[in-house]
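**Q** dropping the sequence and predicted coords here.
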Amino acid sequence: MNKFIIKPLQNEHCRQIQELILPIQQLEFNIPVTLEAQSDLFDIETYYHNTGGGFWGAFDENKLVGTIALIATSHQAGAIRKMFVKKEYRGRDYGIAQSLLEILFVYSKEHQIKDLYLGTVEVLRAAQRFYERNGFQPLLKSALPSYFPIMPVDTLFYHLHLNQA
């Protein structure tokens with residue numbers, strides 16, 4: 001089992017983030033999305049940190065192997081984005097996805113974010129199971145709050161109300 005560390009990511013990490021996420025989206029899962037269509041990946045500080053959210057990365061040595069991001073949307077809510085783990089680091093043996101999500105949960109509770117929303121695509125079945133194991137409930141697109149920033153490629157949506165206790 002590899003040891004990894006999770007730390008906040010800033011704009012100086014944009015290239016590493018792009019190099020992790022794009023191959024997963026385009027090559028591994030054939031999601032029809034380009035880097036140019038994801039302007040957030042060029043300025044994570046504006047899109048994530050400046051909203052009151054954050055962007056975190058899991059590192060094995062100096063190699064970025066996983067990410068998760070949060071856009072604070074007001075209304076004590078947030079949108080989870082950019083949850084990706086490099087293929088060879090996935091699974092319960094590593095626990096990277098779970099650790100990233102738990103960091104986001106802690107941050108959300110500390111910042112009085114009570115409701116988390118996310119969008120995903122049909123082909124990411126393991127991600128859907130992961131979210132459901134963590135208490136996320138499927139949600140119809142029409143039931144999303146008006147302030148949720150929908151990504152054009154997303155077809156499935158989830159919601160979790162965080163217990164603030």
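**A** Arrived safely, thanks for sending. Residues are numbered from 1 along each chain as shown.
**Q** ok, longest helix in this protein?
**A** helix 96-110 (DSSP state H).
**Q** after that one comes which helix or strand?
**A** Next in sequence after helix 96-110, counting helices and strands by DSSP states H and E, comes strand 115-120.
**Q** could you give the angle of that next one to helix 96-110?
**A** 150 degrees (axes from the mean of the first three to the mean of the last three Cα atoms, to 10 degrees).
**Q** buried stuff in the lengthiest strand in the chain?
**A** Using DSSP state E, we find that the single longest strand of the chain is strand 63-74. Neighbour-count burial for strand 63-74, counted by 16 or more other Cβ atoms under 10 Å, picks out Leu64, Val65, Gly66, Thr67, Ile68, Ala69, Leu70, Ile71, Ala72, Thr73. All C-beta spots, glycine's among them, are computed from the backbone N, C-alpha and C.
**Q** beta-bridge partners for the third one, please?
**A** For Gly66, the beta-bridge partners are Ala58, Val85 (DSSP bridges).
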